[in-house]
Structures are given as C-alpha cells and as structure tokens.
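Undergrad: build the 3D model from these lines:
(2 chains)
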Amino acid sequence: DAGITQSPRHKVTETGTPVTLRCHQTENHRYMYWYRQDPGHGLRLIHYSYGVKDTDKGEVSDGYSVSRSKTEDFLLTLESATSSQTSVYFCAISESTFYGYTFGSGTRLTVV
Amino acid sequence: AQSVTQLDSQVPVFEEAPVELRCNYSSSVSVYLFWYVQYPNQGLQLLLKYLSGSTLVESINGFEAEFNKSQTSFHLRKPSVHISDTAEYFCAVSEGGQGAQKLVFGQGTRLTINP
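TA: Presented below is the predicted three-dimensional model:
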C-alpha cells in the first residue's frame, strides 16, 4: 500500500530466537498499530502507538514489545519466538478517528 | 470489552446473485463501524464506514451497509456480485471520540463467487 511498507515480507525463524518486524510510513500519521491475523480470529491488536515514544498494549501483547523512536518507524519485536507466534502480522496507520486505517501488505512469520 | 461477531465464516454465491454478510457488535455506546476487504495475499482495504448521520452507507463498487442501533448490527449487502468480489470481508468497530482508534475486528467472512 502506498505510504506504508512492512519488512520483511516473509520470515522463517527458530524457536527461541529474537525477531524484529519493521513498519515504515511516509504519511506522517500520528497513530500506528500492530495486529496479527490468524484463521478464525480475524485481526487482534498487539500494540499501538500514539506518538514518538508513546506506546500501549493491545489485546494480545504478551511476548511482544514495540518501539517508536521516529514518527515514520514502528518496530515489533518478539523477544523469544514461539510456535504460537506463527502468524501474519499487519501494520496499520491512521491520521484520526474518522479516516479508518491504512494497512501494510503484511509479514508472514513462521516459527519452527 | 467490545466484540464483533460475523455470523458466517464462509458465504458461497453465484455470480450476479445478491449477497448479505452479517455483522453484530456488542457495544451499546456510540461507535464507529467499518467494513474492510482483503484480497488474496494482500493487506486490508477500507470498503466503507459509518461514523454518524445516515444509517445507510455506500461504497464506490456497489456495496452498502446499514447501521441498526437497536439490533447492534452493521450488515453488508450487494445486489449483484461479480467474480472480482471474491475476497475475505472483515467488520470492525471502535468507540467514538478522540485518541487512538483501536479497532476490534470480527473473525472474517470468506465470500466465494461461483460462475
């Protein structure tokens, strides 16, 4: 999607290793979000940010941490990956309550 | 906590037939409602939204949704579907007001169009 990119697009990692996913935006939006998508669960919020260095937990934050040192970058870190964290991860941005989200293309993470 | 229920996980229909994808939410407070569409191997795209005003909202590609406060529903409809509408559809809700717009999503409905 224009204005928001996620990297990497695909990753396979081993159980117990740390993993960092990156979300980069060029829209200068204030709010950024990380969701995970799993069959039968839809999308569930992991963490979100409402400004530089301002972050908060979502519904499924255990095992994840985030950082936002610049407006344009929002990093999601799995401290010690587990098989239950195998999922598709989506980053989203929003300017305000009224406009909805713009989603990235997703990162497919497999933990073996 | 808010929750969203999409009543059908899969909906198969024939091309040019009408379709309704059902969505119910739990919150009784003022809410904003959204439908997103996800094509294969892509991210989600905003299809339409209800913020306030007219309870019937429309998208540019022929979908419409009606906000029903008494039934806490926001069903998505299209009078005549096309093969290109094959995708997964997600209903989402957030509480109104300022601040971070944390969306709660339903489980998704996979719409399959058969020729």
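
Undergrad: helices and strands around the helix or strand bottoming out on mean pLDDT in chain B, which ones?
TA: Among the helical and strand segments of chain B, the one scoring lowest on mean pLDDT, DSSP states H and E is strand B:56-58, with a mean of 88. If contacts are counted by 3 or more CB pairs under 8 Å, 6 or more residues apart in numbering or on different chains; DSSP states H and E, strand B:56-58 sits against strand B:44-50, strand B:64-68. Just so you know, the C-beta spots here come from the backbone N, C-alpha and C atoms, and that holds for glycine as well.

Undergrad: closest one to B:Tyr89 among those strands?
TA: strand B:44-50 (7.3 Å; CB to CB).

Undergrad: please identify the buried residues of that closest one?
TA: Residues B:Leu44, B:Leu46, B:Leu47, B:Leu48, B:Lys49, B:Tyr50 are the ones in strand B:44-50 that count as buried (16 or more other CB atoms under 10 Å in any protein chain shown).

Undergrad: related to what we said a few turns ago, residues contacting the least confident helix or strand of chain B, please?
TA: By CB atoms under 8 Å, 6 or more residues apart in numbering or on different chains, the surrounding residues in contact with strand B:56-58 are B:Leu48, B:Lys49, B:Tyr50, B:Glu64, B:Ala65, B:Glu66, B:Phe67.

Undergrad: list the contacts of residue 4.
TA: Defaulting to chain A. By CB under 8 Å, 6+ apart, the residues touching A:Ile4 are A:Cys23, A:His24, A:Gln25, A:Thr26, A:Glu27, A:Cys91, A:Ala92, A:Ile93, A:Thr102, A:Phe103, A:Gly104.

Undergrad: nope, chain B please
TA: Applying CB under 8 Å, 6+ apart, the residues contacting B:Val4 are A:Gly42, B:Cys23, B:Asn24, B:Tyr25, B:Ser26, B:Cys91, B:Ala92, B:Val93, B:Val104, B:Phe105, B:Gly106.

Undergrad: B:Gln42 now?
TA: So B:Gln42 contacts A:Ser105, A:Gly106 (CB under 8 Å, 6+ apart).

Undergrad: does it count as helix, strand or coil?
TA: Taken by DSSP: H, G, I helix; E, B strand; the rest coil, the conformation at B:Gln42 corresponds to coil.

Undergrad: next one: phi and psi at it?
TA: Here is the backbone geometry of B:Gln42 (degrees, to the nearest 10): phi -130, psi 170.

Undergrad: report pLDDT for it.
TA: For B:Gln42, the model assigns a pLDDT of 88.

Undergrad: same check on A:Asp1?
TA: 49.

Undergrad: now swap in B:Gly97 and tell me
TA: pLDDT for B:Gly97: 62.

Undergrad: go on, A:Ser83?
TA: 97.
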